[in-house]
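> Take a look and give me a structure for this.
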Amino acid sequence: MATKTHTGWKNYETWAVSLWLDNDEGSSDYLMDLANDENKSTYAKAAELQEEITDMMPDLGASLYSDLLTYGLQAVDWQEIIKAHDERKYCPVCGEVME
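Residues are numbered from 1 along each chain as shown. Next up is the predicted model:
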(Lines give C-alpha, C1' and ligand atoms only; values in the text may rest on other atoms or scores of the structure.)
Protein backbone atom coordinates (compact mmCIF):
# COMPACT_ATOMS: atom_id res chain seq x y z
CA MET A 1 0.00 0.00 0.00
CA ALA A 2 1.39 3.40 -0.98
CA THR A 3 1.84 6.07 1.66
CA LYS A 4 -0.52 8.99 1.21
CA THR A 5 1.09 12.40 1.38
CA HIS A 6 -0.02 15.92 0.65
CA THR A 7 2.43 18.65 -0.32
CA GLY A 8 5.13 17.20 1.91
CA TRP A 9 2.84 16.48 4.88
CA LYS A 10 1.76 13.03 6.10
CA ASN A 11 -1.76 13.57 4.78
CA TYR A 12 -4.28 16.20 3.70
CA GLU A 13 -5.78 16.51 7.19
CA THR A 14 -2.42 17.36 8.77
CA TRP A 15 -1.63 19.87 6.03
CA ALA A 16 -5.04 21.54 6.32
CA VAL A 17 -4.90 21.94 10.12
CA SER A 18 -1.39 23.37 9.93
CA LEU A 19 -2.38 25.73 7.12
CA TRP A 20 -5.42 27.06 8.99
CA LEU A 21 -3.40 27.56 12.17
CA ASP A 22 -0.64 29.36 10.26
CA ASN A 23 -3.09 31.68 8.49
CA ASP A 24 -4.45 33.19 11.71
CA GLU A 25 -2.05 35.40 13.67
CA GLY A 26 -3.34 34.38 17.12
CA SER A 27 -3.33 30.68 16.28
CA SER A 28 0.08 30.94 14.64
CA ASP A 29 1.56 32.69 17.70
CA TYR A 30 0.04 30.05 20.00
CA LEU A 31 1.41 27.23 17.85
CA MET A 32 4.92 28.71 17.67
CA ASP A 33 5.00 29.30 21.45
CA LEU A 34 3.78 25.77 22.12
CA ALA A 35 6.12 24.11 19.62
CA ASN A 36 9.15 25.92 21.07
CA ASP A 37 8.34 25.29 24.75
CA GLU A 38 11.45 23.43 25.92
CA ASN A 39 9.74 22.30 29.14
CA LYS A 40 7.40 19.88 27.35
CA SER A 41 8.01 16.82 25.22
CA THR A 42 6.90 16.71 21.60
CA TYR A 43 4.25 14.18 22.62
CA ALA A 44 2.89 16.49 25.36
CA LYS A 45 2.84 19.47 22.99
CA ALA A 46 1.03 17.46 20.33
CA ALA A 47 -1.54 16.24 22.87
CA GLU A 48 -2.12 19.82 24.05
CA LEU A 49 -2.57 21.07 20.48
CA GLN A 50 -4.97 18.24 19.67
CA GLU A 51 -7.02 18.96 22.79
CA GLU A 52 -7.10 22.69 22.04
CA ILE A 53 -8.36 22.13 18.50
CA THR A 54 -10.87 19.41 19.34
CA ASP A 55 -12.27 21.47 22.23
CA MET A 56 -13.12 24.20 19.68
CA MET A 57 -14.98 21.74 17.45
CA PRO A 58 -18.65 22.71 17.10
CA ASP A 59 -21.27 20.36 18.48
CA LEU A 60 -22.93 18.94 15.40
CA GLY A 61 -24.89 16.29 17.25
CA ALA A 62 -25.05 12.78 15.88
CA SER A 63 -24.69 13.34 12.15
CA LEU A 64 -22.75 12.52 9.04
CA TYR A 65 -20.89 15.83 9.39
CA SER A 66 -19.91 15.15 12.98
CA ASP A 67 -18.55 11.72 12.01
CA LEU A 68 -16.56 13.17 9.09
CA LEU A 69 -15.12 16.00 11.18
CA THR A 70 -14.17 13.64 13.99
CA TYR A 71 -12.55 11.22 11.52
CA GLY A 72 -10.63 14.05 9.87
CA LEU A 73 -9.23 15.32 13.16
CA GLN A 74 -8.23 11.79 14.19
CA ALA A 75 -6.18 11.49 10.99
CA VAL A 76 -4.08 14.57 11.84
CA ASP A 77 -0.45 13.89 12.77
CA TRP A 78 -0.25 16.39 15.64
CA GLN A 79 3.41 15.62 16.32
CA GLU A 80 4.30 16.46 12.73
CA ILE A 81 2.69 19.89 13.13
CA ILE A 82 4.60 20.51 16.36
CA LYS A 83 7.92 19.42 14.82
CA ALA A 84 7.33 21.57 11.73
CA HIS A 85 6.93 24.66 13.93
CA ASP A 86 9.73 23.81 16.35
CA GLU A 87 12.78 25.89 15.50
CA ARG A 88 15.08 23.04 16.56
CA LYS A 89 16.21 20.54 13.93
CA TYR A 90 15.29 16.85 14.08
CA CYS A 91 17.17 13.83 12.79
CA PRO A 92 15.22 12.47 9.78
CA VAL A 93 16.17 8.89 10.73
CA CYS A 94 15.53 8.66 14.47
CA GLY A 95 13.41 11.77 15.08
CA GLU A 96 15.60 12.99 17.95
CA VAL A 97 16.54 16.66 18.36
CA MET A 98 19.95 17.34 16.80
CA GLU A 99 22.42 19.51 18.67
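> Can you tell me the centre-most residue of the protein?
Taking CA atoms, centre = their mean, the centroid of the chain lies closest to residue 78, which sits 3.1 Å from it.
> so which helix or strand takes in the nearest residue in space to it that is not next to it in sequence?
Take residue 78 and drop its neighbours on the chain: the residue closest to it by CB to CB, 6 or more residues apart in numbering is residue 46, 3.7 Å away. Where you see a C-beta, it was placed from the backbone N, CA and C, and this is true even at glycine. If you go by DSSP states H and E, residue 46 is part of helix 42-55.
> Quick check: buried residues in that helix?
42, 45-46, 49-50, 53 (16 or more other CB atoms under 10 Å).
> Report all helices and strands that it contacts.
Judged by 3 or more CB pairs under 8 Å, 6 or more residues apart in numbering; DSSP states H and E, helix 42-55 is in contact with helix 25-35, helix 64-74, helix 78-85.
> what about 10 Å?
helix 12-22, helix 25-35, helix 64-74, helix 78-85 (3 or more CB pairs under 10 Å, 6 or more residues apart in numbering; DSSP states H and E).
> I'd like these laid out as JSON lines, including mean pLDDT and distance to residue 96.
What follows is those, written out as JSON lines (pLDDT from 0 to 100; distance: least, CB to CB, whole Å):
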{"stretch": "helix 12-22", "mean pLDDT": "97", "distance to residue 96": "21"}
{"stretch": "helix 25-35", "mean pLDDT": "97", "distance to residue 96": "16"}
{"stretch": "helix 64-74", "mean pLDDT": "96", "distance to residue 96": "26"}
{"stretch": "helix 78-85", "mean pLDDT": "96", "distance to residue 96": "11"}
